[in-house]
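Asker: Here is my input; please provide its structure:
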Amino acid sequence: MEQLRHPSALEMFEQITNASKGKQIVMFLDYDGTLSPIVEDPDRAYMSDAMRTTVRKLARYFPTAIVSGRCRDKVYSFVQLAELYYAGSHGMDIKGPSKGPKDKNDAQSVLFQPASEFVPMIDKVYKTLLDKTKSIPGANVEHNKFCLSVHYRCVDEKKWSELAQQVKSVLKDYPKLRLTQGRKVLEIRPTIKWDKGKALEFLLESLGYANCTDVFPVYIGDDRTDEDAFKVLRDRGQGFGILVSKIPKDTNASYCLQEPSEVMDFLQRLVKWKKMSLQRQWKKLSLRRQFRMRRQIEEMKVSLFN
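Answerer: Below you'll find the model as predicted:
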């Protein structure tokens, strides 16, 4: 990743906000490695209270979606913000904001589940993989409802190849499932043409921005699976992708941030920028109203004395 080609989103903040003027910003955020640090135990990938507060404020000003490879319910349990859109299982399980406090699992707010028919197959493969990988210390098979993740962050590097072979041997009997690789994780997904990029397009359509020129989507993510979303934005010529990475990478993103703490800084600056621009608009509006009222008073005075 050349620094010139992928500058810091913090350093280029003004350029990004200038490009968004007059348009509705819509935020798309990956979870692991973006809102929370990458940790050895995926069940302990907690986001900080400061990050949660920041995302809550962000959602007040911009429609905001969390797009993750994880099971939607798991991501919700980490984020705990009912006002967001959630796209779990690489976008194969999409739900809109809750309509009330008891709405977390309300079927009516589920927007899209294109891989429902694969659930029994995914369940079966999950059980087989648990059995197959138990001989490899540190291997962790995560059930994400519509897809599976085999984490090998805690596996001895000498055993990585063996683990990959075991996973491939199980998938040989399931041609309708495909294997992809992420950050020290093997992802097993249905072969349907659906990914984080498709989820981004679906959410834009759900929000009423299907063919709009006045929308400005911003997608922030750190994994290979986020590249599908970055590519969609590049192809649409709308908004920007921001890659979270400390090391140079080949990417479809336009900007980069180094780690979740920089993501939080960027989101806080975005909130502050929007807040200030709204205050300026109100001030202008208020001045116009004052001017109109003064003119009406003057006109009334003239009519009274004539």
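Asker: Dump stretch 117-129 to CSV, restricted to CA.
Answerer: Taking C-alpha atoms only, stretch 117-129 is exported to CSV below (Å, rounded to 0.1, in the frame of the first residue of the first chain):
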residue,chain,number,x,y,z
GLU,A,117,-32.1,-23.0,3.2
PHE,A,118,-28.5,-23.6,4.1
VAL,A,119,-29.0,-23.6,7.9
PRO,A,120,-29.4,-27.4,8.3
MET,A,121,-26.3,-28.0,6.1
ILE,A,122,-24.3,-25.5,8.1
ASP,A,123,-25.4,-27.2,11.4
LYS,A,124,-24.2,-30.5,10.1
VAL,A,125,-20.8,-29.2,8.9
TYR,A,126,-20.4,-27.4,12.3
LYS,A,127,-20.8,-30.7,14.2
THR,A,128,-18.4,-32.5,11.8
LEU,A,129,-15.8,-29.8,12.1
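Asker: roughly how far is it from the heart of the chain?
Answerer: Between the centre of stretch 117-129 and the centre of its chain there are 26 Å (C-alpha atoms, centre = their mean, to the nearest Å).
Asker: any low-confidence regions in the stretch 151-300 of the chain?
Answerer: Within the stretch 151-300 of the chain, the stretches falling below the threshold (pLDDT under 70) are 285-294, 297-300.
Asker: just the strands in it please.
Answerer: Along the stretch 151-300 of the chain, counting by DSSP state E, counting those that start in this stretch, strands occupy 177-182, 185-190, 215-221, 240-244, 255-257.
Asker: Return the distance of the longest one from the chain's centre.
Answerer: Offset of strand 215-221 from its chain centre (C-alpha atoms, centre = their mean): 8 Å.
Asker: Show me the one of the strands of the stretch 151-300 of the chain that comes nearest L29.
Answerer: strand 215-221 (5.3 Å; C-beta to C-beta). Backbone N, C-alpha and C define where each C-beta goes, glycine included.
Asker: residue contacts, the closest residue to A164 other than its chain neighbours?
Answerer: With sequence-adjacent residues excluded and distances taken as C-beta to C-beta, 6 or more residues apart in numbering, A164 is closest to L186, at 6.6 Å. By C-beta atoms under 8 Å, 6 or more residues apart in numbering, the residues touching L186 are 149-150, 152, 163-164, 167, 179-180.
Asker: Kindly write the ChimeraX command that selects the buried subset of the residues you listed.
Answerer: A single ChimeraX command selects the buried members of the contacts of L186 (16 or more other C-beta atoms under 10 Å):
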select :149,150,152,163,167,179
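Asker: Max pairwise distance over the contacts of L186: which two?
Answerer: L163 and T180 (15.2 Å).
Asker: As a markdown table, the strands of the stretch 151-300 of the chain with distance to M27 would be great.
Answerer: Compiled in a markdown table, the strands of the stretch 151-300 of the chain are given as follows (distance: least, C-beta to C-beta, whole Å):
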| stretch | distance to M27 |
| --- | --- |
| strand 177-182 | 22 |
| strand 185-190 | 24 |
| strand 215-221 | 6 |
| strand 240-244 | 10 |
| strand 255-257 | 14 |
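Asker: So for D43, which of these sits nearest?
Answerer: Closest to D43 of the strands of the stretch 151-300 of the chain is strand 185-190 (C-beta to C-beta; 13.6 Å).
Asker: Partner strands of the closest one, with direction?
Answerer: strand 148-151 (antiparallel), strand 177-182 (antiparallel) (DSSP bridges).
Asker: Make JSON lines out of the ones you listed and add distance to G138.
Answerer: Listed next are those as JSON lines, based on distance: least, C-beta to C-beta, whole Å:
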{"stretch": "strand 148-151", "distance to G138": "8"}
{"stretch": "strand 177-182", "distance to G138": "17"}
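Asker: any residues touching stretch 39-52, and which ones?
Answerer: Residues outside stretch 39-52 that contact it (C-beta under 8 Å, 6+ apart): 31-32, 35-38, 55, 70, 78-81, 140, 142, 149, 151, 153-154, 260, 264.
Asker: what separates it from the chain centre, distance-wise?
Answerer: With C-alpha atoms, centre = their mean, you get 15 Å for stretch 39-52.
Asker: before we move on, what about stretch 147-162?
Answerer: The answer for stretch 147-162 is 25 Å, by C-alpha atoms, centre = their mean.
Asker: Next: stretch 214-224.
Answerer: Using C-alpha atoms, centre = their mean, the offset of stretch 214-224 from its chain centre is 7 Å.
Asker: Just the buried positions in that stretch, please.
Answerer: 215-223.
Asker: got those residues as JSON lines, with distance to S245 columns?
Answerer: Formatted as JSON lines, the buried residues of stretch 214-224 follow (distance: C-beta to C-beta, whole Å):
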{"residue": "V215", "distance to S245": "26"}
{"residue": "F216", "distance to S245": "23"}
{"residue": "P217", "distance to S245": "20"}
{"residue": "V218", "distance to S245": "17"}
{"residue": "Y219", "distance to S245": "14"}
{"residue": "I220", "distance to S245": "11"}
{"residue": "G221", "distance to S245": "10"}
{"residue": "D222", "distance to S245": "6"}
{"residue": "D223", "distance to S245": "10"}
